[in-house]
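Undergrad: Everything below, folded, please.
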Amino acid sequence: MKTDCNHPVLVTCATALVLVGAATAHGQGPTFDPGCTVPYAKIATTPDPFAVCGNCGVVSANPHSTAAAKAAHAAESKAKNNLCGDATKKTAVDFAILADMQAQTSNNIPSDRHTLRQFFAVGSQKIGEGSVVQLKAFVREAHISDCDGGEQVNCNKTGPDVNDIHIPLADPTVANSRTLDECNSVTAEMIPHFRPAAWAQIDMKTPVNNPVRITGQLFYDNSHHPCVKNADGTFKKEKPARISLWEVHPVYAFDVCTETDANQCDIANDSVWLPYDQWVARAGSITEETGKDFRSRCERLKGTPSQPGGPTEPGQCPAPANAPHGHRHRAPAPPST
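TA: Numbering: from 1, shown residues only. All right, here's what the predicted structure looks like:
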């Protein structure tokens, strides 16, 4: 039996329980509220196993932390958790575009982040933070992120199920790009909220021979710095290493090409792409445990960060941006049965 939780008037589905307790203004805790149908609803883990961490995570409760700093961190977390980008307007981007966007972006970001939206022209479209894009790449590796100290967006919790999965990506137009310095990479992140079971194992079952197509919203990670290329071709490295702070974060869809030659994997040709959960289940799919060491270290912490931070308090979300029409406050659809 299949239950239709996508119908706008149905609010009694079991999966709608993920919204109970999330009724405070602007999606502010204590429960995570996606505010729309989760883009990967058909394979989502429901109810959200990390619902206890709200849309804007936590911020520092240190008395020396200013209101402006708290607002900026809450807004950044809200942007990281945005599952409501308009997927009817997907824009194809590549590594050169993300590098050019970096060159045109300042790290002096206001707490409302409005300057990051729709500022960069790609054909007839203008894109920026919140825009839904598609990127073709090879996966360098994938690993559980920030188990040492946690992240404010994830309420400083640590563990394979409550941290992002960090995915450095290599340019498919460059020969042997997976073996090049990671400073040439760009980043995708899978957030823990509603994360599909198949995706949660991508660090242990990483597609290494086949190109991937990643769909998701653009996010500018201004808490970090990109690598800087020196005159001799080497890099001044940053952590995490990448060429651009523009990320696909969160991932909305993750597809694997049925071919290994990137030239045969047209990003717009759906017939050559399989959703990762289907591809990884096929006989003959080649994967590697690229994040095994990270996962092992994370599991050994048993939820206690090795570098615990100071006191925190729930982040107070800024006012919500307008969501796509008709998509506010729907619970994610359950898997078909």
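Undergrad: From the chain's centroid, how far away is stretch 215-231?
TA: Relative to its parent chain, stretch 215-231 has a centroid offset of 14 Å by C-alpha atoms, centre = their mean, to the nearest Å.
Undergrad: ok, which stretches of the stretch 201-337 of the chain are helices?
TA: 276-279, 292-301 (DSSP state H, counting those that start in this stretch).
Undergrad: will you turn these into a markdown table that also has mean pLDDT and mean neighbour count?
TA: (C-beta placed from N, C-alpha, C; glycine too.) Formatted as a markdown table, these follow (pLDDT from 0 to 100; neighbours: other C-beta atoms under 10 Å):
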| stretch | mean pLDDT | mean neighbour count |
| --- | --- | --- |
| helix 276-279 | 98 | 19 |
| helix 292-301 | 96 | 15 |
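Undergrad: what's the neighbour count on the nearest residue to residue 119 once chain neighbours are set aside?
TA: Closest residue to residue 119 apart from its sequence neighbours, by C-beta to C-beta, 6 or more residues apart in numbering: residue 128 at 4.8 Å. Neighbourhood size, residue 128 [other C-beta atoms under 10 Å]: 18.
Undergrad: Residue 128 against residue 114, yeah?
TA: No - between residue 128 and residue 114 there is no contact, the gap being 9.5 Å when judged by C-beta atoms under 8 Å.
Undergrad: Leaving aside the residues adjacent along the chain, what's closest to the residue nearest the centre of the chain?
TA: In the chain, the centroid-proximal residue (C-alpha atoms, centre = their mean) is residue 250; its distance is 2.2 Å. Nearest residue to residue 250, sequence neighbours excluded (C-beta to C-beta, 6+ apart): residue 191, at 4.3 Å.
Undergrad: And that neighbour, what's its pLDDT?
TA: With respect to pLDDT, residue 191 scores 98.
Undergrad: My read is that it contacts residue 166, right?
TA: No - counting by C-beta under 8 Å, residue 191 does not reach residue 166; the two are 11.0 Å apart.
Undergrad: what do these two both touch?
TA: Common contacts of residue 191 and residue 166 (C-beta atoms under 8 Å, 6 or more residues apart in numbering): none found.
Undergrad: How many residues are close by residue 182?
TA: Neighbours around residue 182, by other C-beta under 10 Å: 18.
Undergrad: I misspoke; the intended subject was residue 302.
TA: Using other C-beta under 10 Å, residue 302 is surrounded by 8 other residues.
Undergrad: Could you do residue 315 as well?
TA: Per other C-beta under 10 Å, the neighbour tally for residue 315 reads 27.
Undergrad: Quick one: residues contacting it.
TA: With the criterion set at C-beta under 8 Å, 6+ apart, residue 315 makes contact with 28-29, 54, 56-59, 70, 73-74, 77-78, 152.
Undergrad: and if you look at residue 127?
TA: By C-beta under 8 Å, 6+ apart, the residues touching residue 127 are 91, 93, 118, 120, 133, 218.
Undergrad: Name only those of the residues you listed that count as buried.
TA: Listed as buried from the contacts of residue 127 are 91, 93, 120, 133, 218; burial here means 16 or more other C-beta atoms under 10 Å.
Undergrad: Quick check: beta-bridge partners of the third one?
TA: Using DSSP bridges, the bridge partners assigned to residue 120 are residue 127.
Undergrad: Would you check how far apart it and residue 267 are?
TA: As judged by C-beta to C-beta, to the nearest Å, residue 120 and residue 267 stand 18 Å apart.
Undergrad: How about the last one?
TA: Distance of residue 218 to residue 267, given as C-beta to C-beta: 16 Å.
Undergrad: next one: the second one
TA: Between residue 93 and residue 267 the distance, using C-beta to C-beta, works out to 10 Å.
Undergrad: cool, and residue 69?
TA: Going from residue 69 to residue 267 by C-beta to C-beta gives 39 Å.
Undergrad: Have a look at these two and say which one is more surrounded.
TA: A direct count of neighbours by other C-beta under 10 Å for residue 69 and residue 267 places residue 267 higher, at 21 against 14.
Undergrad: List the contacts of the nearest residue to the more buried one once chain neighbours are set aside.
TA: In this structure, residue 267 finds its nearest non-sequential neighbour in residue 136, 4.7 Å apart by C-beta to C-beta, 6+ apart. Applying C-beta under 8 Å, 6+ apart, we find residue 136 in contact with 94, 172, 211-213, 262, 265, 267.
Undergrad: Just the ones of the residues you listed in strands?
TA: Taking DSSP state E, the ones among the contacts of residue 136 that sit in strands are 212-213.
Undergrad: Show me which residues of the longest helix along the chain are buried.
TA: Scanning the chain for the helix with the most residues, using DSSP state H, yields helix 67-80. Buried residues in helix 67-80, counted by 16+ other C-beta under 10 Å: 70-80.
Undergrad: Turn the contacts of residue 136 into TSV, including pLDDT and distance to residue 141.
TA: Formatted as TSV, those follow (pLDDT from 0 to 100; distance: C-beta to C-beta, whole Å):
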residue	pLDDT	distance to residue 141
94	98	20
172	98	16
211	98	15
212	98	12
213	98	18
262	97	18
265	98	20
267	98	22
